[in-house]
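Novice: fold the following, please.
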Amino acid sequence: MHLIIKIDSICDDYMVDDYISLRTIRKINEGKYGSVYLTNYEDYVIKILKNIPSNHFLTEIEAFNKLKKITNYPPNLVKYIACGKVSECDKVKYKNKKVLLMKKYNEFFTLYPELKSIPLIFYNDYKSFIIKFIYKLLNVNKFIEDELNAVNIDIKLHNIMTDNKDIIVIDLGMLIEYKKEGVIIENLSNYIIWPYGKTNLKYIANYSVAIVAMYILFKNKKYDIELDNNIKIILKILLARKYDTTYAIDFMKEHFPNELK
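Specialist: Prediction:
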């Protein structure tokens, strides 16, 4: 598929022409809020956004425009290169759609292939790994809360990729603006990434971090291996739905200063 994209805004760290011509190599993902393609343009990835109106979500274009000039950007969060609009395209359905341009990241198991088949709990150094993993994700959550006044409710392993031997949280398509105290999310489905029932929005992202961490640890199976007590405490804090992100981060800083160096 051939596209010509008119660039509307660029992150300060990059240089992109006003118009770029590219071809897609393959589709990487098709989600509710956009279609993602690998391209032949610098091996960049484009996300073609779908027009889904919402009074609750902060759009990725809005997030990009707020974040593009921030200097204290966390190393574990996707950084979009530019945004624009499809000017010309082989597929009529994509014409005039908004797009985001980003670098190509690698799947989580590309960096950690052994974890694809063997649960983390079987490794002697699992404690250090999972502490750092959780801490990095919590700092991304805190950044989104502080800079966008929003909460990312789409934290799952599929949206955690890798770059330069580190994890990267991608896909900011489900950021809910935290406009006032007491915003409630109600989950009556079997979607385990969110807690069942009614939960204050500010606890959702950290709860999801705990679910992802437990999946890496156990791969949805039970083993006769006693989990480290400190890891149990961290997970309980995140799953409790009564401790905010700052509390969780401060707890980890106080109790695991050596692991977080």
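
Novice: state the pLDDT value of K180.
Specialist: Per-residue confidence (pLDDT) for K180: 65.

Novice: for the one 4 residues further on, same thing?
Specialist: At I184, the predicted lDDT confidence score is 90.

Novice: just give the nearest non-adjacent residue to it, would you?
Specialist: Distance criterion Cβ to Cβ, 6 or more residues apart in numbering; nearest residue to I184, sequence neighbours excluded, is K198 at 5.3 Å. In this view, the C-beta of every residue, glycine as well, is placed from N, C-alpha and C.

Novice: and that neighbour, what does it touch?
Specialist: I184, I185, E186 (Cβ atoms under 8 Å, 6 or more residues apart in numbering).

Novice: of these, closest to H2?
Specialist: I185 (40.7 Å; Cβ to Cβ).

Novice: so the closest one: helix, strand or coil?
Specialist: Of the three states, I185 takes strand according to DSSP: H, G, I helix; E, B strand; the rest coil.

Novice: for the one 5 residues further on, same thing?
Specialist: When classified by three-state DSSP, N190 comes out as coil.

Novice: just give me the neighbour total for it.
Specialist: Residues lying near N190 (other Cβ atoms under 10 Å) number 6.

Novice: dig out what the spatially most central residue of the chain forms beta bridges with.
Specialist: Centroid check for the chain by Cα atoms, centre = their mean gives V169 as the closest residue, at 3.2 Å. Beta-bridge pairing for V169 (DSSP bridges): L77, I160.

Novice: okay, it and L239: tell me how far apart.
Specialist: 19 Å (Cβ to Cβ, to the nearest Å).

Novice: where are the low-confidence patches of the protein?
Specialist: Counting by pLDDT under 70, the low-confidence segments of the chain come to 53-54, 180-181.

Novice: tell me which residue lies farthest from the centre of it.
Specialist: Residue of the chain lying farthest from the centroid, by Cα atoms, centre = their mean: D224 (31.8 Å).

Novice: A helix includes that one, no?
Specialist: No. Using three-state DSSP, the assignment for D224 is coil, not a helix.

Novice: where does the residue nearest to I184 sit: helix, strand or coil?
Specialist: K198, by the three-state scheme (three-state DSSP), is strand.

Novice: in the helix or strand containing K232, what counts as buried?
Specialist: Using DSSP states H and E, K232 falls within helix 229-239. By neighbour count on 16 or more other Cβ atoms under 10 Å, the buried set for helix 229-239 is I231, I234, L235, I237, L238, L239.

Novice: quick one: which of these is nearest D13?
Specialist: L238 (31.9 Å).

Novice: for the closest one, what are its contacts?
Specialist: L238 sits in contact with I134, N206, Y207, V209, A210, A248, where contact means Cβ under 8 Å, 6+ apart.

Novice: now it, nearest residue through space, not along the chain?
Specialist: A210 (3.7 Å).
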